[in-house]
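S.K.: When you get a sec, could you give me coordinates for this:
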Amino acid sequence: MPETTFYDTLELEFYVIYSFDCMKTESVNQYKPPFIKRWNCTEGNDEFDYDYLGGDWENGKHRKYCAQLDKKRFEKFIDHCNLIMEDINTMGSLTELGLLPAHSFHDGGDSYEVIVNAYVTPLVMNEGIELNEALWEALKQEMLNKFN
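M.R.: Here you go, the predicted model:
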């Protein structure tokens, strides 16, 4: 039986900003997140920034979604999109909740046809537990072990 981790004991939700850019020859449907009705689409093709790559990247497609997911849906999202967590510091996520600290996830760069990124903020929902810097770092390490 696997050892129970700190991550496992916390009641967590995750605020996620998920974006992708793909070649004009690709369908956006294959990159949409699961549970699509739970997500807000906040950006479309007008924000596509990769025309400079030329070829099939010219006039490509862009989408950005945001959602707050429970732990079970978050883990299914990560699995569905084949995302891995990066061990980097970010500037955080600007959200309707304000500026939140965030972890960065990417698709591993295995595909030439799409660029994928997610900024993820774990939200501790347990009563009486405050997300301080020590807790944030401990949670980050456990998430790196789980999603890397």
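
S.K.: buried set for the helix ranked longest in the chain?
M.R.: What stands out as the longest helix in the chain, according to DSSP state H, is helix 133-147. Within helix 133-147, the residues that qualify as buried are 139-140, 142-143, 147, counting by 16 or more other CB atoms under 10 Å. (C-beta placed from N, C-alpha, C; glycine too.)

S.K.: Closest one of those to Phe48?
M.R.: Minimum distance to Phe48 across the buried residues of helix 133-147 is 27.4 Å, recorded for Phe147 (CB to CB).

S.K.: and the closest residue to the closest one other than its chain neighbours, what does it touch?
M.R.: Excluding the flanking residues, the one nearest Phe147 by CB to CB, 6 or more residues apart in numbering is Met85, at 4.1 Å. Counting by CB atoms under 8 Å, 6 or more residues apart in numbering, Met85 touches 103-105, 120, 143-144, 147-148.

S.K.: Could you save those as TSV and add columns showing pLDDT?
M.R.: Shown next, in TSV, are the contacts of Met85 (pLDDT from 0 to 100):
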residue	pLDDT
His103	95
Ser104	96
Phe105	97
Val120	97
Met143	95
Leu144	95
Phe147	95
Asn148	88
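
S.K.: Throw these into JSON lines and include distance to Trp57, thanks.
M.R.: JSON lines is the format used below for those (distance: CB to CB, whole Å):
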{"residue": "His103", "distance to Trp57": "27"}
{"residue": "Ser104", "distance to Trp57": "22"}
{"residue": "Phe105", "distance to Trp57": "22"}
{"residue": "Val120", "distance to Trp57": "26"}
{"residue": "Met143", "distance to Trp57": "32"}
{"residue": "Leu144", "distance to Trp57": "31"}
{"residue": "Phe147", "distance to Trp57": "28"}
{"residue": "Asn148", "distance to Trp57": "28"}
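
S.K.: Go through those and name the one nearest Leu53.
M.R.: Using CB to CB, these come closest to Leu53 at Ser104, 21.2 Å.

S.K.: wait, what's in contact with that closest one?
M.R.: Counting by CB under 8 Å, 6+ apart, Ser104 makes contact with 85-86, 88, 90, 117-120.
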